[in-house]
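**Student:** 3D, please:
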Amino acid sequence: MELRDLLLLTVQKKASDLHLTENTPPVLRIDGNLVLYKAAPLSRDEIKKMVYSMLSDYQKEKFEKELELDFSLALPGLDRFRANIHIQRSSVEVAFRRIPLFIPNIDELGLPSVVPDFARKPNGLVLVTGPTGMGKTTTLASMIDLINNERSSLIICIEDPIEYIHYNKKCIIKQREVHSDTHSFSEALKRCLRQDPDVIVVGEMRDLETIGTALTAAETGHLVLATLHTPDAPQTVQRIIDVFPPHQQQQVKLQLSDCLQGVVSQLLLPRASGHGRVLATEIMTVTPGIRNLIREQAIEQIPTAIQTGGQYGMKSMDKSLKELYQSGVINYEVALSKTKNPEEFRQL
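**Tutor:** Have a look, this model is predicted:
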């Protein structure tokens, strides 16, 4: 079987991922579940041949040197794919993530109405958080698309790798891929402040230098949109503070309390019908009260502030799960497995 056929199958089955692993048939992830394709198991040599058929000489050399490789793949007439090649028990293996060609808008994704307000902010830091594979990149892409349709700005996106392709509408959008267009997130972020941006998009805030530069950019009048692998708003705030050494943390609390505009935490959950997934979101809008809690590092009080901040568009993850369960979109077990307070949830 050719690699193109397998990628075409991934698109046809509406799978989010394709995994090629030794002595196993191709594996698709459909609606969050792994499904084995009815085909002969793939041998080590077959996978290596498939993988190497799509690499340039430079990529082969880089992979053989570093034993890991991330890149994006665009095949004519198909969706784009993000690929990660790695070695497992001396066998070359690959994971593909499907990236649709069309950027869905914020309403189609089922995001709350406060999310477009975050995208319309003139400056500050807006974070989209959640575990891997929960649609953070798609949410970010829909926010960029909203800005691109509504106002004239220069947007610089730093990504690893580039996933959704943006075309200039009202904005000029520059997409820089880490490793091929720039050496690192932190380097690109430092340099991009000299490229006259209005909006800066950071694919992932991974390290101290990237987080520090993103905070500075948000403070100096830019709108910074970024993702972080944290499960909720309080842990997002804590993670950013904890990245810095103790002697810098007081200053970071002040910076963060000044420039943070909002946090969107999201989970994709299987629908009760068994077809497709639905988005559950926690929203934290940064009000004067929350700025104060960040300054004082009273992080444990943030969940209460979110619960009582409905008039500012805030919503806790537990409330979102409760609404989805009560409207019959997800089943009880799924809701219970994701809630922070199972006892409280049972009573609700």
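**Student:** gap between the two ends of stretch 286-305?
**Tutor:** For stretch 286-305, the first-to-last residue distance is 10 Å (C-alpha to C-alpha, to the nearest Å).
**Student:** go on, stretch 20-27?
**Tutor:** 7 Å.
**Student:** any idea how far residue 96 is from residue 105?
**Tutor:** 25 Å (C-beta to C-beta, to the nearest Å). Where C-beta positions appear, they are placed from N, C-alpha and C, glycine not excepted.
**Student:** which of these two has more residues huddled nearby?
**Tutor:** Using other C-beta atoms under 10 Å as the criterion, residue 105 and residue 96 rank with residue 96 on top: 23 against 13.
**Student:** hey, where'd the strands end up in the protein?
**Tutor:** 17-20, 27-30, 33-36, 68-74, 80-88, 91-99, 124-129, 154-159, 172-177, 199-202, 223-228, 260-270, 277-285 (DSSP state E).
**Student:** show me where the stretch 1-150 of the chain has its helices.
**Tutor:** 3-12, 44-53, 57-66, 114-119, 136-150 (DSSP state H, counting those that start in this stretch).
**Student:** of all the ones you listed, which one is nearest residue 250?
**Tutor:** helix 114-119 (26.8 Å; C-beta to C-beta).
**Student:** how about the closest one: buried residues?
**Tutor:** 114-116, 118-119 (16 or more other C-beta atoms under 10 Å).
**Student:** ok, stretch 205-215 next?
**Tutor:** For stretch 205-215, by 16+ other C-beta under 10 Å, it's 205-206, 210-215.
**Student:** same deal with stretch 78-98?
**Tutor:** 79-83, 85, 91-98.
**Student:** need these in a markdown table (columns: pLDDT and distance to residue 280).
**Tutor:** Below are the buried residues of stretch 78-98 laid out as a markdown table (pLDDT from 0 to 100; distance: C-beta to C-beta, whole Å):
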| residue | pLDDT | distance to residue 280 |
| --- | --- | --- |
| 79 | 85 | 25 |
| 80 | 88 | 26 |
| 81 | 93 | 26 |
| 82 | 90 | 24 |
| 83 | 94 | 28 |
| 85 | 96 | 32 |
| 91 | 95 | 37 |
| 92 | 95 | 36 |
| 93 | 96 | 31 |
| 94 | 97 | 30 |
| 95 | 97 | 25 |
| 96 | 96 | 26 |
| 97 | 93 | 21 |
| 98 | 93 | 22 |
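**Student:** first-to-last residue distance for stretch 174-193?
**Tutor:** 13 Å.
**Student:** check the offset of that stretch from the chain's centre.
**Tutor:** 18 Å (C-alpha atoms, centre = their mean, to the nearest Å).
**Student:** next, the buried residues of it.
**Tutor:** So, applying 16+ other C-beta under 10 Å, buried residues of stretch 174-193: 174-178, 182, 184-186, 188-190, 192.
**Student:** what's the mean pLDDT across it?
**Tutor:** Average pLDDT, stretch 174-193: 92.
**Student:** can you redo the buried residues of stretch 205-215 as TSV with distance to residue 333?
**Tutor:** Listed next are these as TSV, based on distance: C-beta to C-beta, whole Å:
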residue	distance to residue 333
205	33
206	34
210	38
211	36
212	42
213	43
214	38
215	40
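**Student:** so which of those residues are in helices?
**Tutor:** 210-215 (DSSP state H).
**Student:** looking at the residues you listed, which is nearest residue 133?
**Tutor:** residue 210 (21.4 Å).
**Student:** spit out the contact partners of that closest one.
**Tutor:** 185-186, 189, 202 (C-beta atoms under 8 Å, 6 or more residues apart in numbering).
**Student:** for residue 308, see how far away the spatially most central residue of the chain is.
**Tutor:** By C-alpha atoms, centre = their mean, the mean C-alpha position of the chain lies nearest to residue 136, the distance being 2.7 Å. Residue 136 sits 26 Å away from residue 308 when distances are taken as C-beta to C-beta.
**Student:** same question, residue 338
**Tutor:** 22 Å.
**Student:** please apply the same query to residue 211.
**Tutor:** 29 Å.
**Student:** quick check: beta-bridge partners of residue 35?
**Tutor:** Per DSSP bridges, the residues bridged to residue 35 are residue 28.
**Student:** and for it, the neighbour number?
**Tutor:** 14.
**Student:** thought it was touching residue 27?
**Tutor:** Yes. Contact criterion C-beta atoms under 8 Å: residue 35 and residue 27 qualify, at 7.1 Å.
**Student:** what's around the nearest residue to residue 60 once chain neighbours are set aside, how many residues?
**Tutor:** With C-beta to C-beta, 6 or more residues apart in numbering as the criterion, residue 60 has its nearest non-adjacent residue at 6.4 Å, and that residue is residue 52. Residue 52 is flanked by 13 other residues according to other C-beta under 10 Å.
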